[in-house]
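A.B. asks: Quick check, what structure comes out for this input:
(2 chains)
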Amino acid sequence: MSTISEITNELERIDTHFSRIILDKNWSVTDLTVSWPNYVSGIRDKRGYREYFDFLINAKQQSYRLVDGGVVQLFYEFENRDTLIRSRCCYSPQYSTELIVPDSELDISPSDDEDRITTFFRIDFDRAVSTHSKSHFQFGGLNELRIPLDSAVHPYLFMDLIAQALFPNDYTEISRKAHYAPSVDNCLRVQIATAIDARHRIKCICS
Amino acid sequence: MRGLYSEICRLHGIKPLTYDDIRDVRDQISHLYNHLLDSCNGRFEQIYDLCLIDEAQDFPPPVFEVIYKVSKSPKRIVWAYDEFQALSDIRMREPEELFGVGPTGQPNISSEMLRGYYSKTVKKDFVLPNSYRTSRVGLMVAHGLALGIKSKIGFVDMIDDRATWRALGYTILSPEHKAKFAKGDVMDITRLDENSRNILEATLRKFNRPDSDLISIRSFEKESDEIGAAATEIQRLIFEEKIKPEEIIVITIDARRSRGKLTKLRQALSTLGVSSVTPGIYERAEIFRSEGSVTLVSPFRAKGNEGDIVFVLDAQEAMRDVTFRARNFLFVSITRARGWCYVSGTGRYMEALASEMRDVLADYPDFRFEFPDDSDIKRRRLIMSVPDDSTRVAQATLDKIFQENPELFDEFYRQRRELFAE
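C.D. replies: Predicted structure coming up:
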């Protein structure tokens, strides 16, 4: 079982262990939630990705901003301090590495091709749902593609996944440190990999 | 909000070029506005009743020509500039070079047209001698560095007539009567209180504090020390002195490595609980002085903005860069401060800069120097007029040889100089 103090401890360890890829930290803890100040729910609805991402940045809807410009949101809601009812771990990449024109007086757009990145990925858990798996891996708002998981993901493990996939050089350094250890046993990561491979488990509607 | 280029494109039905299209072009702004001039083929809509071009020292001629063409008659165009603030060319061009020529080959705007007065009272061309933003000590340090008055390598630029000094807000104490100065003249130039409208100096004096309290100069051994010191001081200012974070601006002079440097500083600030924004890197360029956040920028983004407290990092670049551009970045950065300015850098170049700054401050509120030889200044103006890219490559090569084989470098220079010296 996950408890609020377990999650908080992990966030504190993330602050130290992943410091080389963290640009800003912004998480906060209240009685029954782990989230960030001025949390806004439902922000991904009915928006284009650019608009959504700019909103995340302007309204600081983030637990962490990473050095690649991407936003990490780690949201956990408890019924009491030791019963998790909902969680969402989400990584939203900066929509273009050319977000910005290099220094000059230019006022032009960086590129016609700004929307190369159009979505984010997340791992959700909701104890109450019955129409689909309680925990799943999902891209953006694509509800037709949910990759089922066996449990909610802890923040440290989520950061481990991101660091491993997106910051391979930094990850080598991070994971080499003696204190480094994903808090949950590695099997959850294996499960995710298995789930991705096991196509029969993916309810995918190809259009 | 659209920029001028995008707006003119839209109004003329032209597809704007993007950064991808001009990534490898050397003079990108000229390229864009020439593209506009070519696409419209002289047929511009006259859109604007009045155009004000601020920071005009940073724009190439095609921008002025397009502005001339999109202005309604009688072409009410006002351009304001400060040559010391130039980030590319160092000299402001004459109107004949800026606004293009008409069908008969005559310049659209000539220097002659700028002489005299409007309605017999309003001067057409005038200088603003007062500084409303920067403190006197800040401005004098900045001017002293931009001109290289106390530089060990000699003067960078010089003003050779009394009228221009006066126009910049200075009073010549010595020589007393000359209108134009020459090599060997013993100069004593002061900046009177009346030309500085910054109220902070008067406040400091009331508390018996010297003006020089407004400038801090620090040299560090390592970059991480510089970052750590800046982050800690910013934290102190916000949490102990109750300074609003948005009143603090951090500028790195090392424009080419600004992303890495500002990222490290932002990480350090975040660890100390200080929020910051990096316009043009992690936030959109127009996000500046975001409430609750310190602003971290390169000199390009800093221009036109100001803050109560300014940190200038990597100031050693002003000494390392033999083309003097970084020196201009330093000028721009120091003059962003309405109040306190912290200048820091690393290594022996920073130590040399710190010593030069202290020499400038030692004569404050005067500049005291012997008027230099004009040929040195001419050579330096020539270096400054060469495009940035080619000078950078040449400098990097020279720097490499100097580092790897200083004896060869010395010998080569000495032999060539003796062989070919006039």
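A.B. asks: roughly how far apart are the closest residue to chain A within chain B and A:Gly48?
C.D. replies: Residue nearest to chain A within chain B: B:Gly3 (2.7 Å; Cβ to the nearest Cβ). Yep, even glycine has a C-beta here, placed from its N, CA and C like the rest. According to Cβ to Cβ, to the nearest Å, B:Gly3 stands 22 Å off from A:Gly48.
A.B. asks: These two - which one has more neighbours?
C.D. replies: B:Gly3 (14 against 11; other Cβ atoms under 10 Å in any protein chain shown).
A.B. asks: Can you check which helix is longest in chain A?
C.D. replies: Ranked by residue count under DSSP state H, the longest helix found in chain A is helix A:4-17.
A.B. asks: Off-centre distance for the helix or strand just after it?
C.D. replies: Under the assignment DSSP states H and E, the closest C-terminal helix or strand after helix A:4-17 is strand A:22-25. Offset of strand A:22-25 from its chain centre (Cα atoms, centre = their mean, to the nearest Å): 14 Å.
A.B. asks: so what strands line up beside the helix or strand just after strand A:22-25?
C.D. replies: Remark: after strand A:22-25, the chain's next helix or strand is strand A:28-29, criterion DSSP H and E. Within its sheet, strand A:28-29 is paired with strand A:33-35 (antiparallel), according to DSSP bridges.
A.B. asks: Following the chain onward from the partner strand, which element is next?
C.D. replies: The helix or strand immediately downstream of strand A:33-35 is helix A:49-58, counting by DSSP H and E.
A.B. asks: what packs against that next one?
C.D. replies: Applying 3 or more Cβ pairs under 8 Å, 6 or more residues apart in numbering or on different chains; DSSP states H and E, we find helix A:49-58 packed against strand A:71-78, strand A:84-92.
A.B. asks: Quick one: closest of those strands to B:Thr171.
C.D. replies: B:Thr171 lies closest, by Cβ to Cβ, to one member of the helices and strands packed on helix A:49-58: strand A:71-78, at 55.2 Å.
A.B. asks: the inter-axis angle of the closest one versus helix A:4-17?
C.D. replies: 160 degrees (axes from the mean of the first three to the mean of the last three Cα atoms, to 10 degrees).
A.B. asks: list the helices and strands strand A:71-78 packs on?
C.D. replies: helix A:4-17, strand A:33-35, helix A:49-58, strand A:64-66, strand A:84-92, helix A:155-166.
A.B. asks: Per-residue pLDDT of the closest residue to B:Asp27 other than its chain neighbours, please?
C.D. replies: If the residues on either side of it in the chain are set aside, B:Asp27 comes closest to B:Pro60, at 6.4 Å by Cβ to Cβ, 6 or more residues apart in numbering or on different chains. Here, the pLDDT recorded for B:Pro60 equals 89.
A.B. asks: Next: A:Thr131.
C.D. replies: 84.
A.B. asks: Could you list the single helix or strand in chain A with the lowest mean pLDDT?
C.D. replies: Lowest on mean pLDDT, DSSP states H and E among the helices and strands of chain A sits helix A:187-197, with a mean of 47.
A.B. asks: related to what we said a few turns ago, as JSON lines, the helices and strands packed on strand A:71-78 with mean neighbour count and distance to B:Pro406 would be great.
C.D. replies: JSON lines is the format used below for these (neighbours: other Cβ atoms under 10 Å in any protein chain shown; distance: least, Cβ to Cβ, whole Å):
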{"stretch": "helix A:4-17", "mean neighbour count": "18", "distance to B:Pro406": "44"}
{"stretch": "strand A:33-35", "mean neighbour count": "19", "distance to B:Pro406": "58"}
{"stretch": "helix A:49-58", "mean neighbour count": "17", "distance to B:Pro406": "48"}
{"stretch": "strand A:64-66", "mean neighbour count": "24", "distance to B:Pro406": "42"}
{"stretch": "strand A:84-92", "mean neighbour count": "21", "distance to B:Pro406": "50"}
{"stretch": "helix A:155-166", "mean neighbour count": "21", "distance to B:Pro406": "43"}
